[in-house]
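S.K.: Build the 3D model from these lines:
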Amino acid sequence: MPTVICGPGQDACLEVVTSLSTGYRNSLTMVKKGCSYGTGSGEMISEGNSLPPDYTMVRQCQENLCNRQIENHDSVPNLSPAPDPPELSGIECWACVSTTAEGCELHKAHKIKCHVGQSVCYQGQGFLAIDNFNNSVYVRTCHEPTCTFTGAATHWSDNYLKGTCCKGNLCNSISNVPQIVYSHAPALLALPLLLTIPLLLGV
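M.R.: Got it, this is the predicted structure:
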């Protein structure tokens, strides 16, 4: 991992991890390390019983190269614990999480049996953000009937989701990829349109 020399006023090292999970063994994690204008040291953890589950930790320290506690996925708590004893609601949903719409299409998702209390299916999208870097996320999973979304937000990070819930087995199956509708041009326009293609490609 590269190292940097901190600028004037940057008196701390920073590491931030934020993770979003389906709650069923699928998660997406972002990590940022660097310099900070922070004034303190220690940890700040923002997590809760949100659905889909998410987690954020922000850590500042004030020694050279001290921001090395977050090195791998073991630094993130298990956001997908199964009930003990396992109890199911009787509903099945599609589950996936990805940074692209295509990565969360049904051929890349898998069927899951929802835990007790989660009797509807969810499908949505949003973003994970750390400082000035953000990434789109697409999620399918089980959800509670209230279909309420809460996310972790700190001074450095923000997780945001929007989406819909539906009732019925595997109902969260709508494609996330926009469908392109081609219209048929009149025959007289076909030749001029074809002639402009080489001109555009040659620029």
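S.K.: And the residue nearest the centre of the chain, how far from residue 170?
M.R.: Nearest to the geometric centre of the chain sits residue 137, at 3.8 Å (C-alpha atoms, centre = their mean). Counting by C-beta to C-beta, to the nearest Å, the separation of residue 137 from residue 170 is 21 Å. Just so you know, the C-beta spots here come from the backbone N, C-alpha and C atoms, and that holds for glycine as well.
S.K.: coming back round to it: could you list everything the residue nearest to the centre of the chain pairs with in the sheet?
M.R.: Here residue 137 sits in beta bridges with residue 126, going by DSSP bridges.
S.K.: just residue 160 next, same as before
M.R.: residue 127.
S.K.: That one: neighbour count?
M.R.: 15 (other C-beta atoms under 10 Å).
S.K.: Where do the strands of this protein begin and end?
M.R.: Shown for the chain, the strands assigned by DSSP state E span residues 12-21, 27-36, 42-47, 54-61, 88-98, 110-115, 120-130, 133-143, 157-166.
S.K.: how about a markdown table for these, with distance to residue 70 and mean pLDDT added?
M.R.: Shown next, in a markdown table, are the strands of the chain (distance: least, C-beta to C-beta, whole Å; pLDDT from 0 to 100):
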| stretch | distance to residue 70 | mean pLDDT |
| --- | --- | --- |
| strand 12-21 | 5 | 89 |
| strand 27-36 | 6 | 90 |
| strand 42-47 | 11 | 58 |
| strand 54-61 | 7 | 86 |
| strand 88-98 | 20 | 97 |
| strand 110-115 | 28 | 96 |
| strand 120-130 | 12 | 94 |
| strand 133-143 | 15 | 94 |
| strand 157-166 | 13 | 90 |
